[in-house]
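> Kindly generate the corresponding structure for this input.
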Amino acid sequence: ADLSNESGLIPSLDDIISLFTYLYDQCQCESDVLIPSLLYCERLMTETRGVVQPNVRNWRSILLSCLTLASKVWDDCSMWPIDFSCVCQKGPRTLQPFSLRRINQLEVALLCMIGFNAHIYATEYTRCFFYLQQLQLPATTKHLLDMERAAVFGMLKLRSLEKGAAFVGKKEANHRRGNSVDERKFGNYLAHERSTSICLESILSL
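Coordinates of the predicted model:
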């Protein structure tokens with residue numbers, strides 16, 4: 001069961017923006033991760049023909065799993081699954097049920113439901129880009145919606161993938177995300193999770 005929404009209330013726009021902002025900032029995502037995460041959410045609904053779609057019980061699970069997948073696919077140096085789990089454990093109470101095991105389960109479920117198709121086409125990216133530009137969102141989301149930068153880096157990566165070449169990102173900006181989280185910061189929790197849980201990479205290699 002999804003325990004991420006105990007109240008069962010329909011989330012407001014502020015609720016969604018607040019949660020997304022926290023995850024975006026703490027997971028140190030790049031600006032071009034936003035559009036793919038939204039497209040993965042849309043693809044989830046399309047591929048399941050509306051059977052799976054955001055509601056009061058699962059919207060946090062869907063948002064987190066789509067953002068995690070988008071970060072892994074699009075970030076030049078994404079954090080590890082344990083890092084996402086630590087961010088949730090140290091965050092708002094509504095995110096604390098998302099352990100490493102739960103995040104891995106959600107990501108595997110998302111990949112299965114979208115047919116393991118994590119590729120984003122240029123037409124999809126462009127459509128979502130212009131749609132977001134038309135929305136009247138609060139000024140607090142400005143750093144999330146750095147649309148000019150997202151467009152530039154997103155299209156460069158799309159061209160790179162289509163040509164079969166690896167996109168080389170900004171080394172200096174990604175240097176601080178080159179390793180997992182500092183174990184001294186998260187203490188015994190990190191060691192406990194690593195000793196009792198299996199990461200997504202291990203699951204997929206079985």
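
> Poorly predicted segments of the chain, please.
1-8, 136-206 (pLDDT under 70).

> and with 80 instead?
Within the chain, the ranges that satisfy pLDDT under 80 run 1-9, 31, 132-206.

> residue boundaries of the helices in it?
According to DSSP state H, the chain carries its helices in the segments 13-26, 34-47, 59-74, 81-89, 100-113, 122-134, 147-163, 171-174, 183-186, 188-196, 200-205.

> helices or strands next to the second one in the packing?
Spelled out, it's helix 34-47. Packing partners of helix 34-47 (3 or more Cβ pairs under 8 Å, 6 or more residues apart in numbering; DSSP states H and E): helix 59-74, helix 100-113, helix 122-134, helix 147-163. Quick note: C-beta positions are derived from backbone N, CA and C, even for glycine.

> Output the shortest one as PDB - backbone C-alpha positions only.
Right, helix 122-134. Extracted in PDB, the C-alpha atoms of helix 122-134 (Å, rounded to 0.1, in the frame of the first residue of the first chain):
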ATOM      1  CA  ALA A 122      12.600  15.400 -30.100                       C
ATOM      2  CA  THR A 123       8.900  16.000 -31.000                       C
ATOM      3  CA  GLU A 124       7.800  15.000 -27.500                       C
ATOM      4  CA  TYR A 125      10.400  17.200 -25.800                       C
ATOM      5  CA  THR A 126       9.500  20.200 -28.000                       C
ATOM      6  CA  ARG A 127       5.800  19.800 -27.400                       C
ATOM      7  CA  CYS A 128       6.200  19.600 -23.600                       C
ATOM      8  CA  PHE A 129       8.700  22.500 -23.700                       C
ATOM      9  CA  PHE A 130       6.200  24.900 -25.400                       C
ATOM     10  CA  TYR A 131       3.400  23.700 -23.200                       C
ATOM     11  CA  LEU A 132       5.300  24.600 -20.000                       C
ATOM     12  CA  GLN A 133       6.100  28.000 -21.400                       C
ATOM     13  CA  GLN A 134       2.400  28.800 -21.600                       C
END
